[in-house]
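when you get a sec, could you give me coordinates for this:
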Amino acid sequence: MLGTMSGADEYEKKYMGGEGALARSRAMMPWWFHLVIAVAAAVSVFSAIATGTLGSVIGLPLLALVWLLFLYLRVTVTADTVHVQLGLFGPKIATADIVDVAVAQYDALKYGGWGIRLGLDGSVAYSVPGYGGRGLRIRFNKNGKERVVFVTSPNPDELAAAIDKARGTRVAAVESATADAPLLTAEDEADEADETEQERARKPL
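The predicted structure is shown next:
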């Protein structure tokens, strides 16, 4: 189990903005997931040996792919984006689109299990068993529609705080840019008006 204090791995650095992330989490699938994959692989190999054919081991590459794709559920929070990926699948949510974020408890019955799941209310869950069922509930707008995503995390409180910080930084940056704009005095406005009139007078009719 890795939380925000763990360094980003190469995948997170390359594809999820992990190098400069404000926070991150990496939830691993439970031990029984690896056991199921290992047992299925062993059955395929023994079956191939017993029958003397290679047909039974054709599924081994697929098992390996499933294991690799769903090994980790990752979340990284940068100043601009919240990256969520279970294997290679998951959304990139712009912090500017986030309406609110909250630490929440996962309801396996509502979503019908774990993995990438669609809830009855239209929300989407990216979940793995364990971690006390805790995670992050993110409500955001996309293409004019409100969406909700739940993601399992070993440290949802840290992720929520980082998202709030990213949103606050973004708003502060906008406000700062506005504040830094030079203010025009009445004299400046009069000078600009005179320059405009002079430019008009110089233009040929």
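
got a list of what Thr78 touches?
17, 20-22, 166 (CB atoms under 8 Å, 6 or more residues apart in numbering). The way it works is simple: take the backbone N, C-alpha and C, and place the C-beta from them, glycine included.

now the strands for this protein?
23-28, 72-77, 81-86, 92-94, 98-105, 115-118, 124-127, 134-142, 145-152 (DSSP state E).

need the ones you listed in JSON lines (columns: mean pLDDT).
Listed next are the strands of the chain as JSON lines, based on pLDDT from 0 to 100:
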{"stretch": "strand 23-28", "mean pLDDT": "88"}
{"stretch": "strand 72-77", "mean pLDDT": "91"}
{"stretch": "strand 81-86", "mean pLDDT": "93"}
{"stretch": "strand 92-94", "mean pLDDT": "95"}
{"stretch": "strand 98-105", "mean pLDDT": "94"}
{"stretch": "strand 115-118", "mean pLDDT": "90"}
{"stretch": "strand 124-127", "mean pLDDT": "94"}
{"stretch": "strand 134-142", "mean pLDDT": "95"}
{"stretch": "strand 145-152", "mean pLDDT": "95"}
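
most neighbours per residue, which of the ones you listed?
Stretch with highest mean neighbour count among those: strand 72-77 (a mean of 27; mean count of other CB atoms under 10 Å).

okay, angle between that strand and strand 23-28 too, please.
Interaxial angle, strand 72-77 versus strand 23-28 (axes from the mean of the first three to the mean of the last three CA atoms, to 10 degrees): 170 degrees.

still on that earlier bit, are any of the contacts of Thr78 buried, and which?
By neighbour count, with 16 or more other CB atoms under 10 Å, the contacts of Thr78 hold 17, 21-22, 166 as buried.

for the protein, which spans come out with low pLDDT?
For the chain, applying pLDDT under 70 flags the ranges 1-6, 30-43, 45-46, 48-69, 169-205.

contacts only, for the nearest residue to Ala161 once chain neighbours are set aside.
Closest residue to Ala161 apart from its sequence neighbours, by CB to CB, 6 or more residues apart in numbering: Ala23 at 7.4 Å. Contacts for Ala23 (CB under 8 Å, 6+ apart) come out as 4, 76-77, 155, 158-159, 161-162.
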